[in-house]
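Novice: Dropping a prediction and its sequence here:
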Amino acid sequence: MSPFEPGGQHQSNWNVKLQNLEKWLKTNGDFTLSDRVILQDTQKSGRGLYLKTGKISRNEVLMTIPSECQLNFHTAVYHISQFNPKLSFDGVTCQDSTIAPSDEVDPRFQMYEILSNELVHSLSSFQLLCVYILFEWKILPHWNTAQSFWKPFFDVFPTLNELEAIPALWMLGTEETNQPLFECLPMASRVHAERIAAQVRNDWSVIEPIVKQWCNAFEDSNVSLTLATLYMHFLHIYFVVNSRCLYIQIPLKDSIHDNFTLVPYVDFLNHNADSEIYCSPQINRMKKGKYGLGAFSIVGGSHQYSQPGEEILLSYGAHSNDFLLNEYGFVLAENKWNYIDVSAHCESIIKELPIQDFLRKHDFWGEYTISGSDISYRLLVAIAAKVCPDLKKVEKFMLGYLTEASFDPAMKILLKSFMLDLAQQIKARIETIKKMANVDQLCANNILNIYQGYQMILQRHMAEMT
């Protein structure tokens, strides 16, 4: 389907949501969008921004999103303080709220009252946004007396089904069909997924007492929401936030992990391994509006868009497919940032304790990788230690006094055998995945894509060794 072809009822519903989003952005700040671009929802790439006409040059502003319409620690605190006047952070909380209790009381006056200064400040950006979005998006609609300011933004959030290619969700039990695929993940992906899942569980343990208090308060209303249901909503929200956050410095927070914001419209831009040449974000802290951290703009890069229908791309960073799958739920057909984490395989062939102790002593144990362009120095040192009984000589190599050629031909022979063995393991894993039944095919194809990328890396290096 062309980016400019309608897509039936789905496209009609999407157009309505998009119109509501644009109206909301225009109403609540200085929203600009170039008339040369158009937003479309396509079967191939999902939601994305495309060139409609003309051209886009370096430093040309494609869009500007006002600070009031970005969702981050500051704007969440501002909106919560409209219903909890005891919440007070200089320069952040609302000083002149026009919202007042009526005969039909907005439930947020009661529910946000438990969010004290100390509690809010102790929460990470992830934790506060999950709590806030959980109530505003998933709980508030059960009352007919109020509507969230953020509803137009929520309406274009991805569904949970659209996020279920993210492996950590398989671990957390939202998609039992894909759980067998987890065992087939490459080591780098599996470790990454386990780390995300552990963080999700930790964040839920922090906010669960707040959610339980809300559940107890529901008993005095007609709202019937269980803790189990709200946990599933929390998972949905967590991965919406994680897959769509963009960097911005949060003055109230100290950790680098807290420095992010959700930006409507900008989160429609898709990623490419070379997209650093296409577009980049800019933050104007002089344009803060009534509240927030500054206007968020997207400007053109060195690539000049000139072909109608060309997709406007934004760099998510220099990330491998393992990273992209775990953080965003997609992979690229070709990705120059791919690498293979061969730590487990390397460590399995170094069984001699003196060699292990030597590598640990010099901080060269583990973190062994092979990319398309090189074999990591750490791996070469480990292989040298395996083939050379003179560890003093290996230490000189470690310090840069010798080259790997000093250990040939033994090093080349072991490296080639090492990579051939890896290639056979990868081939076997690919065959296993292809034979799997009753798993989501998109998720299976994503993992196959990662392994096929590994094969290309190994083939390139083995060809150079012949």
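Specialist: Alright, I've got the coordinates.
Novice: alpha carbons only for contacts and neighbour counts from here, please
Specialist: Will do.
Novice: quick one: secondary structure of residue 299?
Specialist: For residue 299, the secondary structure call by DSSP: H, G, I helix; E, B strand; the rest coil comes out as strand.
Novice: so it makes contact with residue 282?
Specialist: Yes: shown here, residue 299 and residue 282 form a contact pair, counting by CA atoms under 8 Å, at 7.3 Å.
Novice: Compare these two (neighbour count), which wins?
Specialist: For the pair residue 299 and residue 282, the greater number of neighbours falls to residue 299 (19 against 15), based on other CA atoms under 10 Å.
Novice: number of nearby residues for the closest residue to that one other than its chain neighbours?
Specialist: If the residues on either side of it in the chain are set aside, residue 299 comes closest to residue 61, at 4.4 Å by CA to CA, 6 or more residues apart in numbering. For residue 61, the count of nearby residues is 19 (other CA under 10 Å).
Novice: What distance do you get for residue 61 to residue 278?
Specialist: 12 Å (CA to CA, to the nearest Å).
Novice: list the residues that contact both of those two?
Specialist: Shared contacts of residue 61 and residue 278 (CA atoms under 8 Å, 6 or more residues apart in numbering): residue 300.
Novice: which one in this structure is furthest away from the centre?
Specialist: Taking CA atoms, centre = their mean, the residue of the chain most remote from its mean C-alpha position is residue 390, at 45.3 Å.
Novice: Now for residue 462: which residues touch it?
Specialist: By CA under 8 Å, 6+ apart, the residues touching residue 462 are 416, 419.
Novice: pLDDT value on residue 17, please?
Specialist: Model confidence at residue 17, expressed as pLDDT, equals 89.
Novice: doesn't it fall inside a helix?
Specialist: Yes: under three-state DSSP, residue 17 sits within a helix.
Novice: Distance check, the residue farthest from the centre of the chain against residue 353.
Specialist: Distance of residue 390 to residue 353, computed by CA to CA: 15 Å.
Novice: Count the residues that sit near the residue lying closest to residue 30 once chain neighbours are set aside.
Specialist: Distances taken as CA to CA, 6+ apart put residue 66 closest to residue 30, at 5.5 Å, once the chain neighbours are dropped. Neighbourhood size, residue 66 [other CA under 10 Å]: 28.
Novice: Which neighbouring elements make contact with the one helix or strand residue 216 maps to?
Specialist: Of the helices and strands defined by DSSP states H and E, residue 216 is found in helix 187-218. Helix 187-218 is packed against helix 125-133, helix 167-171, helix 227-244, helix 321-328, strand 339-341, with contacts defined by 3 or more CA pairs under 8 Å, 6 or more residues apart in numbering; DSSP states H and E.
Novice: how about the helices in the stretch 1-150 of the chain?
Specialist: If you assign secondary structure with DSSP state H, counting those that start in this stretch, the helices in the stretch 1-150 of the chain sit at 8-27, 73-81, 108-111, 117-122, 125-133.
Novice: Switch these over to JSON lines; also include distance to residue 340 and mean neighbour count.
Specialist: JSON lines is the format used below for the helices of the stretch 1-150 of the chain (distance: least, CA to CA, whole Å; neighbours: other CA atoms under 10 Å):
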{"stretch": "helix 8-27", "distance to residue 340": "39", "mean neighbour count": "15"}
{"stretch": "helix 73-81", "distance to residue 340": "36", "mean neighbour count": "23"}
{"stretch": "helix 108-111", "distance to residue 340": "48", "mean neighbour count": "17"}
{"stretch": "helix 117-122", "distance to residue 340": "38", "mean neighbour count": "13"}
{"stretch": "helix 125-133", "distance to residue 340": "30", "mean neighbour count": "22"}
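Novice: Can you say which of those is nearest to residue 436?
Specialist: The closest of the helices of the stretch 1-150 of the chain to residue 436 is helix 8-27. By CA to CA, the value is 31.3 Å.
Novice: Just the CA atoms of that closest one, as PDB, please.
Specialist: Listed in PDB are the C-alpha atoms of helix 8-27, where the atom choice follows Å, rounded to 0.1, in the frame of the first residue of the first chain:
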ATOM      1  CA  GLY A   8     -10.600   1.600   4.800                       C
ATOM      2  CA  GLN A   9     -12.200   2.000   8.300                       C
ATOM      3  CA  HIS A  10      -8.800   1.600  10.000                       C
ATOM      4  CA  GLN A  11      -7.500   4.600   8.100                       C
ATOM      5  CA  SER A  12     -10.700   6.600   8.800                       C
ATOM      6  CA  ASN A  13     -10.400   6.000  12.600                       C
ATOM      7  CA  TRP A  14      -6.700   6.900  12.400                       C
ATOM      8  CA  ASN A  15      -7.400  10.100  10.600                       C
ATOM      9  CA  VAL A  16      -9.900  11.200  13.300                       C
ATOM     10  CA  LYS A  17      -7.400  10.500  16.000                       C
ATOM     11  CA  LEU A  18      -4.800  12.400  14.100                       C
ATOM     12  CA  GLN A  19      -7.100  15.400  13.600                       C
ATOM     13  CA  ASN A  20      -7.900  15.400  17.300                       C
ATOM     14  CA  LEU A  21      -4.200  15.200  18.200                       C
ATOM     15  CA  GLU A  22      -3.300  18.200  15.900                       C
ATOM     16  CA  LYS A  23      -6.200  20.200  17.300                       C
ATOM     17  CA  TRP A  24      -5.000  19.500  20.800                       C
ATOM     18  CA  LEU A  25      -1.400  20.500  20.000                       C
ATOM     19  CA  LYS A  26      -2.500  23.800  18.400                       C
ATOM     20  CA  THR A  27      -4.800  24.600  21.300                       C
END
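Novice: Can you give the contact residues for it?
Specialist: Residues lying outside helix 8-27 but in contact with it, judged by CA under 8 Å, 6+ apart, are 6, 31, 32, 41, 65, 66, 69, 152, 153, 155, 156.
Novice: And for the third one, the neighbour number?
Specialist: Counted with other CA under 10 Å, residues neighbouring residue 32 total 16.
Novice: Just list the residues touching it, thanks.
Specialist: Taking CA under 8 Å, 6+ apart, we find residue 32 in contact with 26, 62, 63, 64, 65.
Novice: do the same with the fifth one
Specialist: Residues in contact with residue 65, defined by CA under 8 Å, 6+ apart, are 25, 29, 30, 31, 32, 263, 264, 265, 295, 296, 297.
Novice: beta partners of it?
Specialist: With DSSP bridges applied, the residues forming beta bridges to residue 65 are residue 296.
Novice: tell me which element residue 286 is part of?
Specialist: Per DSSP H and E: residue 286 is located in neither a helix nor a strand.
Novice: And what about the residue lying closest to residue 259 once chain neighbours are set aside, helix, strand or coil?
Specialist: Once its chain neighbours are removed from consideration, residue 259 has its nearest residue in residue 249; the separation is 4.8 Å (CA to CA, 6+ apart). At residue 249, secondary structure determined by three-state DSSP is coil.
Novice: thought residue 249 was touching residue 260?
Specialist: Yes: the criterion here is CA under 8 Å, and residue 249 meets it with residue 260 at 6.8 Å.
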